[in-house]
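Undergrad: Using only what follows, build the 3D model:
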Amino acid sequence: MTEQDFFDQGDLIGVLTTQPLDRVLDYKAPEGGCWRGAFVEVPLGPRKVLGVVWGAGKGDYDRSKIRSVIRVLDVAPMREEMRAFLTRAADYTLTPMAAMLRLATRAPGLGDPPSMQKIYRLGSGEPDRKTDARTRVVEVLRDYGGLAFTLKELAEMAGVSTSVVKGLVKQGVVLEQDRPRDLPFPVMDPDHGGKALTEDQANSAAALRAAQQTGRYGTTLLRGVTGSGKTEVYLEAVAECLRQGRQALVLLPEIALTAEFLTRVEARFGTKPAEWHSGVTMTERRRIWKMVGQGGVQMVIGARSALFLPFQNLGLIVVDEEHDNSYKQEDGVLYNARDMAVLRASLCDARVILASATPSLESWTNAEAGKYDKLTLTSRFGASVMPDMKAIDMRGEQLPSDRWISGTLQRAVQARIDKGEQALLFINRRGYAPVTICRACGHQIACDHCDARMVEHRFLKRLVCHQCGETKPMPEKCPHCDAEGRLAPVGPGVERLSEEAVKLFPDAKVVTLSSDMFGTARELKAQIAEIAEGAADIIIGTQLVAKGHNFPLLTLVGVIDADLGLQGSDLRAAERTFQLMRQVAGRAGRAERKGTALLQTYQPEHPVIRAILAGDEEGFWRAEAEERRHAGVPPFGRMAGIILSSPDPQAVFDLGTDMARRNAPLRQVGAQVFGPAPAPIARIRGRHRVRLLVKADKSAPLQAALSRWIAQFKLPNQMRLTVDIDPQSFY
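TA: Predicted structure coming up:
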C-alpha cells in the first residue's frame, strides 16, 4: 500500500458496510488511523456493524454529526484486487455492493481479539465402559482425521451432552488442550508424492506447469474422458503454483466429493488442504478466513463461495466439473462461480483451469475461438477403457405400468451380480414418486404454499415440496374428497426404483444414494466410501452419483429414463442431457473390468440419444453451437431473467405488464423483452411469480440498459424484483 492509502486520525473515510444500504457511509478515521481496505467496526444507529474502508469520504454530510470508527479489526486488510473483484461482480450481476461484501465476510467472530481456546481431539485412552454416546464422540473425532473441535461443536456433531465429552477427557479418551483460536495450516510439499503419469497426462501437465510459470492470467479448458486422470494432471499445476509461493483454490461442485479428493491431495502434498463449504464448523470457517488473508493457507478446496475468500496471493483457480449446474447460485446473489473464477483470476494475474469430461457449451466455444487454451486427455488411466454405450428401446419391452426396470436391463444387472460386480441404476428424480393422485376424484396433492406437486418420500413417511421444503405426513385419506385407501403414487422416484430393485433382486444388497436421504455430509461421505469398498451390489442413485465418484467394482450403469431431460423448453435441455448421460455412464468400468452403460429410451432416434451412444462429442457440440448461434442465444447472445414476486397475483402481473410496455432503455441497445408470463412454478412460499426475459446481442451493454430500465419503477410494498444475468434455469 502507498501513503495515499493511509488515513490519519480524524480524516474522513468512506466505509462500505454489510448492511442493506445503497451507499458508502462517511466516518472519521479512528485513533492511530487506518488503511484503505481495513476491516472496521462502525456505529450505525444504535448498533455496531462490520465494514471495510473503501476510500476517502465524500464530505457531503454535516461533519459535526459524522461519527468515528469504533475500531480496526485485527485481520489482513482487503486487497485492491479483491475490492475490484467485488465491484466488477456487483456491476455484472446487478447486485448491491453490501450483498457482495456479505459474501466476502461469511465467517463468524472476525472482530474477536486473538485469544486462546480449549479444544478437544482424540486421545489414546480407552473408556472404562462403552456407550452409544461415547462411541459417537470417538467416531466423530476419527472421521475428521484428527481435527480439533470446541466442546460445543464436538457435543453437537456427536449428538451428546457436553458432560459425555468431559467424562471422556477424564479417562484420556479425549484430550483437552489450549491453543490460539486461529493457527496457520501445515506447509504443503509440492514435491512430496507425484504419481507416475501416462504420456498423455505428462504432456498436459507440462503445458499447465509452463502456463503457471508465466505468472500471467490465462484460462485452460482441460478436457478428458471420465477416468482419464484429469485430477492428477491439474494437481501438477497446483504443485507449480505452490512452488511459486502462491495460493491455489480448487472448486468442487458437490460436498460429497471432498472426502476422496482430500485423500488424493494429502497423498500428493503430504498434508490436507483447508476445506470451505457448508459442512465446515464455524470455528474452522473463521480460522480459514483469517489464515487465507495472512497467507497461512496454501490450498483451499471449496464450494462456489470459496471464491470470495480474501486470498493474499492467489495464483491458480481450478473449477472441477466446470459444466456442473451447482456452480450457479440460484438465490440471494445470483452468480456463476465458473465465470466469477475467470473474472477473479484476471484481476490478480492467476491462472484458471476448467476441468470436465463434458464441458459447458460456453467453455467449449471459448476454447474453439482461441480465447481459452485447450488440452485434451483421450484415454482412461491404466487398464480401464471407456464403457460400451447401448440403448434399450422401451417400445419393444412390454413393461407393466408399475415397473420401470426392463427385462433386458434386469438380465444385465443379474449377470453383473453373479460375477461379484456392481450395477448402478440411475434416475434423476428424488423421493418415491413425483405425484400422488386420488383414484376416486383425481386430486393431486400439492404444496399449500407453492404451485408444485408434493413428492412422496416413503423413507421419511412424508410428502415434501422440492421448491420450498414444506413437509407434511402422508395422509390416510384424500384431503379433497375424504376417500380412504385411494391415494396412489404416479411415476417413479429413486425410492420407488429401490423398492422395485429389492423385489427383482431379493438376494442383492441394494443401497440408495440421494442428497436428501442423509442428515449430514459425514454420513453421505461414509456411505460413498462403503460402496467403493464393495458394500453394495446395486446402487440406486440420482445425479449425485454422476459427480466424480470412483467405484472400482461398478461395471454396469442402467439409465432408467434417458428421455427425462429432453422434455420442456429449456434452451440447455439437450446440453444437460448429453452431459448427464455421459457423466453417469462414465462411472462404469473405471478399474480393470470392462464397463457397459444401457440407456432405456422411448426415443432411440433422437439426435441427443444418438450422439450419446456414438460418443461423437465434437459433433454434438458443433451442432448445438450452430443451433444456439442461429437463435442468437448464449453463448452467442445475451440473456437476463427478471423475476417479480408478490403475495398479490394482480400486482405482480400489473408491474410486469408495465415494465414490458416501458422498455425504451432496452430498445435503445437492441434488446427484446418477452413476457410477462407466469413462471413455470408460478407460486413459491406463498409468493406469486412472473418472469420477463430480456434477449440482446452479445456486444450490447445489457447491464447498463437494465439498470436504466428498472430505475423507472417504484416497487409496491412486498414486491420483490430479482435480476438473473445469464440464467441457467427458467423455473
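Undergrad: Every contact and neighbour count from this point should use C-alpha atoms.
TA: OK.
Undergrad: Let me see the domain layout of the protein.
TA: What automatic domain parsing lists as the domains of the chain is 3-79, 116-180, 199-377, 383-429+493-634, 431-491, 637-725.
Undergrad: Ok, which of those comes nearest Pro186?
TA: domain 199-377 (6.8 Å; CA to CA).
Undergrad: Centre of the chain to the closest one, how far?
TA: 13 Å (CA atoms, centre = their mean, to the nearest Å).
Undergrad: State the mean pLDDT of that domain.
TA: The average pLDDT for domain 199-377 rounds to 92.
Undergrad: most packed of the domains of the chain?
TA: Mean neighbour counts were taken over the domains of the chain using mean count of other CA atoms under 10 Å, and the top value, a mean of 21, falls to domain 199-377.
Undergrad: returning to what we had before: which of the domains of the chain sits closest to Leu101?
TA: domain 3-79 (5.9 Å).
Undergrad: from the chain's centre, how far out does the closest one sit?
TA: The answer for domain 3-79 is 34 Å, by CA atoms, centre = their mean.
Undergrad: picking up where we left off before, redo the domains of the chain as JSON lines? Include distance to Ala98.
TA: Compiled in JSON lines, the domains of the chain are given as follows (distance: least, CA to CA, whole Å):
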{"stretch": "domain 3-79", "distance to Ala98": "5"}
{"stretch": "domain 116-180", "distance to Ala98": "30"}
{"stretch": "domain 199-377", "distance to Ala98": "11"}
{"stretch": "domain 383-429+493-634", "distance to Ala98": "29"}
{"stretch": "domain 431-491", "distance to Ala98": "26"}
{"stretch": "domain 637-725", "distance to Ala98": "16"}
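Undergrad: Among the ones you listed, which comes closest to Ala104?
TA: Using CA to CA, the nearest of those to Ala104 is domain 199-377, at 4.8 Å.
Undergrad: Give the residue spans of the stretch 351-500 of the chain that score low on pLDDT.
TA: Within the stretch 351-500 of the chain, the stretches with pLDDT under 70 are 380-386, 433, 459, 468.
Undergrad: hey, where'd the strands end up in it?
TA: 351-356, 373-377, 388-393, 422-426, 435-438, 455-457, 462-464, 471-473, 487-490 (DSSP state E, counting those that start in this stretch).
Undergrad: what do you get for the stretch 151-300 of the chain?
TA: Under DSSP E, counting those that start in this stretch, the stretch 151-300 of the chain gives strands at 174-180, 218-224, 247-251, 274-276, 299-302.
Undergrad: Kindly reformat those strands as JSON lines containing distance to Glu533.
TA: Shown next, in JSON lines, are the strands of the stretch 151-300 of the chain (distance: least, CA to CA, whole Å):
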{"stretch": "strand 174-180", "distance to Glu533": "29"}
{"stretch": "strand 218-224", "distance to Glu533": "25"}
{"stretch": "strand 247-251", "distance to Glu533": "26"}
{"stretch": "strand 274-276", "distance to Glu533": "24"}
{"stretch": "strand 299-302", "distance to Glu533": "24"}
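Undergrad: nearest to Lys695, of those?
TA: strand 218-224 (27.2 Å).
Undergrad: Which strand or helix spans Gly55?
TA: strand 47-56 (DSSP states H and E).
Undergrad: Which elements pack onto that strand?
TA: Packed against strand 47-56 by the contact rule (3 or more CA pairs under 8 Å, 6 or more residues apart in numbering; DSSP states H and E) you find strand 12-17, strand 39-44.
Undergrad: And the helix or strand following it, what does it pack against?
TA: Scanning forward in sequence from strand 47-56 by DSSP H and E, the next helix or strand is strand 71-72. Counting contacts by 3+ CA pairs under 8 Å, 6+ apart, strand 71-72 packs against strand 39-44.
Undergrad: Low-confidence ranges, the stretch 501-650 of the chain, go.
TA: In the stretch 501-650 of the chain (pLDDT under 70), the answer is 515-522, 544-549, 567-570, 589-592.
Undergrad: picking that back up, could you work out which of the strands of the stretch 351-500 of the chain reaches nearest to Gln728?
TA: strand 351-356 (18.0 Å).
Undergrad: roughly how far apart are the spatially most central residue of the chain and Ile119?
TA: Centroid-nearest residue in the chain: Ser326, 3.9 Å away (criterion: CA atoms, centre = their mean). The spacing between Ser326 and Ile119, counted by CA to CA, to the nearest Å, is 34 Å.
Undergrad: same question, Leu110
TA: 19 Å.
Undergrad: Nearest spatial neighbour of Ala562, chain-adjacent residues omitted?
TA: Thr601 (5.5 Å; CA to CA, 6 or more residues apart in numbering).
Undergrad: That neighbour is in contact with Leu566, isn't it?
TA: No. Applying CA atoms under 8 Å, one finds Thr601 not in contact with Leu566, separated by 10.9 Å.
Undergrad: Pro96 contacts Arg23, correct?
TA: No. Between Pro96 and Arg23 there is no contact under CA under 8 Å: 9.1 Å.
Undergrad: Now list whatever residues contact both of those two.
TA: Common contacts of Pro96 and Arg23 (CA atoms under 8 Å, 6 or more residues apart in numbering): none found.
Undergrad: The stretch 601-731 of the chain: helices as residue ranges?
TA: 607-614, 617-631, 649-661, 664-667, 702-710 (DSSP state H, counting those that start in this stretch).
Undergrad: quick one on the thing from earlier: ok, the residue nearest to Ala562 to Gly595 distance?
TA: From Thr601 to Gly595 the distance is 19 Å (CA to CA).
Undergrad: next one: Leu424
TA: Taking CA to CA, one finds Leu424 at 11 Å from Gly595.
Undergrad: now Tyr61
TA: Distance from Tyr61 to Gly595, by CA to CA: 71 Å.
Undergrad: cool, Ala585 as well?
TA: 9 Å.
Undergrad: what do you get for Phe308?
TA: 40 Å.
Undergrad: same deal with Gln329?
TA: 35 Å.
Undergrad: do the same with Ser204
TA: In terms of CA to CA, Ser204 sits 26 Å off from Gly595.
Undergrad: Equivalent analysis for Ala56, please.
TA: 64 Å.
Undergrad: same question, Gly279
TA: Taking CA to CA, one finds Gly279 at 34 Å from Gly595.
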